[in-house]
Every structure is written in C-alpha cells, then in structure tokens.
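Asks: My questions are about this predicted structure, shown below with the sequence.
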Amino acid sequence: MSSHPSAIVFSYDDIWLINGVRTPFADFNGVLGRVSPIDLGIKVAREIFKRSGLPPADIGAVIAGSMAQASFDAYVLPRHVGLYAGVPHEVPATLVQRVCGTGMEILLQAADAITLGKIRLGLCVGTESMSRNPIAAYTVRGGFSLGNVEFKDFLFEALTDTAFGGSMGDTAERLARDYHLSREEVDRFACDSFERALAAQQSGFLAGEIVPLTTETFELEGYRPRGIRLPREVKELAVDNHVRPSPMESLAKLRPAFGGVQTGGNSSAIVDGAAAALVGSGEYCRANGVAPLGRIVTGAVVGVPPDNMGIGPVAAIRALLDHLGMKLADIDRFEINEAFGAQCLAVEREIGIDHARLNVNGGAIAIGHPLAATGVRLTITVARELRRSRKRYGISSACIGGGQGIAVLIENPEYGAA
C-alpha cells in the first residue's frame with residue numbers, strides 16, 4: 001500500500017518497452033517552427049516500425065499525446081499519425097493529455113490496455129510544436145465590442161495556473177525559497193545538464209535514440225500526401241540544437257525570469273519535437289522473437305498542491321517505491337524532467353538522490369522540453385542508459401502543471417548478462 005493514499009499505482013506483469021526513437025529537439029521558432037506536430041509524430045512512428053522490424057498491422061491501438069492545438073487538424077492528430085505510419089484504418093486511435101506527464105501516461109495507458117487483454121501491441125507517440133502554439137481569442141465569436149478585443153499568446157497564458165494566479169516558474173521559485181537554493185547552485189545544476197548533454201552528444205549516445213529529419217513527403221494511398229518541410233538552407237537536422245557549451249560565467253549573466261533564481265539558461269528549453277515507442281506483451285515479444293529495450297514494472301501518478309507542482313516527482317517516486325517495497329538505493333538511474341533547475345534540484349535533495357545517478361546524459365535544461373514528447377524521451381533514455389551502464393532499475397519522472405507527479409519504473413532485461 002502506498003504511503004500516499006490517493007496515488008494511483010499499478011504494477012505490470014510481463015509488459016515490455018520494445019523500442020523507442022525521437023526526433024532531434026529544435027529550438028523555439030527554429031528549424032521545426034513551421035512543421036506540424038502531426039508530421040513529426042508520423043516520422044517517429046514510421047521510424048519505430050523500421051527500427052523494430054515489426055509490422056504496423058500488428059498494432060492494436062494508437063495512443064498519442066499533444067498538448068497544444070498547434071494545427072487546424074489537431075483533432076485528428078492521433079488518427080493521422082497512425083494512418084500515415086501504415087497502421088490499418090480499422091485500428092482505433094486516441095489522444096492523451098496529462099500536461100508534462102503526457103508521454104509517460106501514453107506508455108502506461110498502453111500497458112493498461114495490454115493488461116486488460118484489449119491489445120498485444122500499442123503504438124505510443126508524443127509530439128509537440130511549442131512554436132506553433134496559437135495566438136488565440138476565446139471571446140470574439142459573438143462579435144467585437146469597442147475596446148474589447150483580446151488576442152493572447154496561448155503558450156504564455158497556458159503556463160499560468162489560474163487556481164493560484166501564478167506561473168509554472170513561480171512554483172520553481174517557491175521551491176528555491178523552501179530549499180534555500182541560491183542562484184549559483186541552480187546555475188551549477190544547469191551547467192552540469194549542458195556538460196552532460198554535450199558529452200552524450202559527442203559520444204554518440206544521444207544519436208542512438210534520434211532519427212535525423214529531412215524534407216520529405218508522407219504518402220497514404222487514396223488520400224492527400226503530407227510531410228515535413230525544413231527551411232531551404234537546412235538539408236538535415238540530426239542533433240538537438242539547444243545543446244551547447246554553457247559555462248557558469250555565461251549562465252550568471254542572464255537576467256531572472258521570475259524575480260528569483262530562475263533564468264532562461266537554467267530552465268527547460270522551449271523546443272519542438274516528437275518521440276515514439278512500442279509497448280507490447282511478453283507473449284507478443286516471445287512469439288515474434290523481439291529483444292525488448294526494457295520491462296515496464298510499475299507506474300505511479302499522484303496529485304500535489306497546484307502552487308507546489310514542481311515537487312510532484314517526490315510524491316510519485318515515493319508512492320512507486322512504497323508500493324513495491326523498494327528503497328531509493330535500489331534505483332540505479334533517474335531521468336527526472338528538468339522543468340526548472342530549482343525544481344529538479346529540490347526534488348533531488350528532498351528524496352536524497354545521488355546527483356551522479358540523475359540525468360547522467362543531460363536533461364531538459366540542455367535538451368529541451370516539448371511537453372507531450374518529454375515523458376516518452378525520458379523513459380526511452382533511462383532504458384537505454386540502463387543497457388549502456390549494465391544497471392538494473394531506472395525511474396523516469398516528471399512534475400505536472402496543475403499539481404501532479406508521475407513516475408515509471410523500468411527494468412533492464414539484460415541485467416546480469418555477460
């Protein structure tokens with residue numbers, strides 16, 4: 001029984017993360033600024049079938065996530081991702097939204113559907129265009145009145161929680177005060193994120209989960225083609241382009257964004273990108289000779305106060321470990337979303353995570369945080385890192401706007417192998 005009575009925690013028997021892939025993450029209003037999130041989702045979905053060697057015809061459900069209404073056909077995002085990736089038109093598709101936890105929620109919903117016997121294999125896609133968030137007006141359909149025309153930046157407004165009247169950044173500043181975190185400490189955390197991501201990029205680790213993007217067309221027989229069009233001068237995007245040298249002296253020069261320790265340099269990068277994974281039953285894997293990336297052991301989601309949303313991973317991770325009777329020391333690697341430097345540092349300190357086990361290949365401060373894609377990326381990354389380091393257990397986790405936390409426990413299927 002979890003120590004948090006309201007936590008939703010469930011352990012899975014013989015459910016597997018088969019494979020995963022993502023696009024490079026591109027800076028806000030940059031190379032991918034005009035690309036629909038649907039097309040980014042189609043690209044990673046097509047790639048996951050290519051990498052796994054599994055046929056789209058075996059998919060029982062398409063489960064996709066995207067937060068922004070970033071194209072006029074956003075209603076059919078999950079449907080078009082599946083169809084243009086080759087999934088038969090008889091296979092249903094659904095859209096999932098749990099803000100920053102959306103990507104993990106997608107994976108857990110696939111695991112739930114397999115556990116209930118509904119499907120054997122699920123296509124999970126998280127995709128987000130932060131750049132294409134609209135400039136919106138909700139009060140003009142009935143007409144304009146003199147001096148009463150309100151068009152607002154949807155992305156900026158969406159990062160404000162109207163329950164307590166503050167931004168997501170304000171919740172990070174609260175944690176900075178509660179945990180007595182200095183600007184220097186938060187900048188140091190960010191500097192580590194950039195250094196680790198640079199090292200992972202240079203070693204080729206990050207490239208192992210990335211599919212390069214080019215201008216291309218996606219055909220679907222009987223229907224209109226669509227695709228990705230990069231700027232004319234860009235032939236290929238193959239790396240995360242927010243990853244860059246970011247020494248302490250450079251970070252220290254940046255102005256506070258919310259009146260405290262958080263700046264543009266020690267907060268998650270605003271980027272565009274997508275990630276996909278296949279989740280399958282053990283029976284399906286064995287029948288098809290699949291060597292999966294990792295076992296999905298347990299998932300947990302729990303609520304926290306909206307004005308303290310950044311502490312969400314603490315509640316989720318504790319609920320998950322309590323449910324399993326495990327200790328923090330049993331977990332070899334953590335991938336916790338770096339929504340803000342102070343937020344992730346506060347989580348690290350509250351739980352007592354060894355910094356050497358956390359985000360060892362860099363985090364969202366360096367790589368970026370395309371909302372619905374992030375949870376898929378974190379889970380793919382921690383599974384791949386367990387294989388690379390020959391460790392057994394890893395947790396991916398994120399805080400969630402509105403006041404929630406989510407966590408997923410992954411086990412390395414090759415643990416102990418020579």
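Replies: Nice, I can see it.
Asks: Show me where the stretch 151-300 of the chain has its helices.
Replies: In the stretch 151-300 of the chain, the helices defined using DSSP state H, counting those that start in this stretch lie at 154-158, 168-178, 183-203, 248-251, 282-287.
Asks: Now render those helices as CSV, adding distance to Leu146.
Replies: (C-beta placed from N, C-alpha, C; glycine too.) Below are the helices of the stretch 151-300 of the chain laid out as CSV (distance: least, CB to CB, whole Å):
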stretch, distance to Leu146
helix 154-158, 23
helix 168-178, 34
helix 183-203, 46
helix 248-251, 47
helix 282-287, 63
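Asks: Tell me which of those is the most buried.
Replies: When you average the neighbours per residue for each of the helices of the stretch 151-300 of the chain (mean count of other CB atoms under 10 Å), helix 168-178 leads with a mean of 22.
Asks: helices and strands around that one, which ones?
Replies: Counting by 3 or more CB pairs under 8 Å, 6 or more residues apart in numbering; DSSP states H and E, the packing neighbours recorded for helix 168-178 are strand 160-161, helix 341-351.
Asks: Just give me the residue closest to the centre of the chain.
Replies: Geometric centre of the chain, nearest residue: Thr374, 1.1 Å, by CA atoms, centre = their mean.
Asks: in the helix or strand that it is a member of, what's buried?
Replies: Per DSSP states H and E: Thr374 is located in helix 371-389. Residues 371-388 are the ones in helix 371-389 that count as buried (16 or more other CB atoms under 10 Å).
Asks: Quick check: mean pLDDT of it?
Replies: Mean per-residue pLDDT for helix 371-389: 98.
Asks: any idea which helix or strand comes after that helix?
Replies: Sequence order places strand 393-400 as the next helix or strand after helix 371-389, per DSSP H and E.
Asks: between that following strand and helix 341-351, how big is the angle?
Replies: Going by axes from the mean of the first three to the mean of the last three CA atoms, to 10 degrees, strand 393-400 is angled at 130 degrees with respect to helix 341-351.
Asks: Quick one: residues contacting the residue nearest to Ile400 when sequence neighbours are not counted.
Replies: Excluding the flanking residues, the one nearest Ile400 by CB to CB, 6 or more residues apart in numbering is Gly101, at 4.4 Å. The contact partners of Gly101, taken as CB atoms under 8 Å, 6 or more residues apart in numbering, are 301, 375, 398, 400, 404-406.
Asks: Help me confirm that Gly101 is found in a helix?
Replies: Yes: Gly101 sits within a helix when classified using DSSP: H, G, I helix; E, B strand; the rest coil.
Asks: What are the buried residues along the helix or strand hosting Thr94?
Replies: Per DSSP H and E: Thr94 is located in strand 93-96. By neighbour count with 16+ other CB under 10 Å, strand 93-96 contains the buried residues 93, 95-96.
Asks: and it, what does it pack onto?
Replies: Counting contacts by 3+ CB pairs under 8 Å, 6+ apart, strand 93-96 is packed against strand 61-65, helix 77-84, helix 102-115.
Asks: centre of the chain versus the longest one, how much separation?
Replies: It stands for helix 102-115. Chain-centre distance of helix 102-115: 14 Å, with CA atoms, centre = their mean, to the nearest Å.
Asks: cool, stretch 323-335 as well?
Replies: 20 Å.
Asks: Tell me the buried residues in that stretch?
Replies: By neighbour count with 16+ other CB under 10 Å, stretch 323-335 contains the buried residues 323-324, 326, 331-335.
Asks: Give me the subset of the residues you listed lying in strands.
Replies: The members of those that map onto strands under DSSP state E are 333-335.
Asks: Tabulate those in TSV, adding columns for pLDDT.
Replies: Shown next, in TSV, are these (pLDDT from 0 to 100):
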residue	pLDDT
Arg333	98
Phe334	98
Glu335	98
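Asks: Tell me the one of those residues nearest Glu128?
Replies: Looking at those and their distance to Glu128, the nearest is Glu335, at 17.7 Å (CB to CB).
Asks: hmm, back to that, who does the helix holding Thr374 touch, helix- and strand-wise?
Replies: strand 15-22, helix 102-115, strand 121-128, strand 271-281, strand 294-303, strand 333-336, strand 393-400, strand 404-411.
Asks: can you put these in CSV and add distance to Ser71?
Replies: Converted to CSV, the helices and strands packed on helix 371-389 look like this (distance: least, CB to CB, whole Å):
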stretch, distance to Ser71
strand 15-22, 20
helix 102-115, 17
strand 121-128, 11
strand 271-281, 12
strand 294-303, 28
strand 333-336, 29
strand 393-400, 24
strand 404-411, 26
